[in-house]
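Chemist: just coords:
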């Protein structure tokens, strides 16, 4: 008895022009609950007392794990081509979230 394999679904991802422009962020704040992660991408202007959240992404813990793996893989490939990226370890935010 042979099992039928489910048909492969081709995903078409659409990107409108405004979204394709992207936004610049130089700070990320990560918070989580038992069921989801919230990633806030923020632009902090030099010498400014205020910063603005440019984008917020809310996602599942499972997806965050895949995202971390994809980022690690891409960073390793980048560093093989362009050299090591210097950086410091993030410090915990006062409210228990992580600031990156």
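Modeler: Done, it's in. As the structure is a prediction and not an experimental result, all values here were calculated from the model. Numbering: from 1, shown residues only.
Chemist: Residue 37 is in contact with residue 56, correct?
Modeler: No - using C-beta atoms under 8 Å, residue 56 makes no contact with residue 37, being 11.0 Å away. In short, each C-beta sits where N, CA and C put it, glycine included.
Chemist: And these two? Which one has more around it.
Modeler: In terms of neighbours (other C-beta atoms under 10 Å), residue 37 is the more surrounded of residue 56 and residue 37; the figures are 17 against 11.
Chemist: which phi and psi does the more buried one have?
Modeler: Dihedral angles of residue 37 (phi, psi; degrees, to the nearest 10) stand at phi -110, psi 140.
Chemist: ok, now which ones touch it?
Modeler: Shown in contact with residue 37 (C-beta atoms under 8 Å, 6 or more residues apart in numbering): 30-31, 58-61, 64.
Chemist: What of residue 26?
Modeler: So residue 26 contacts 42-44 (C-beta under 8 Å, 6+ apart).
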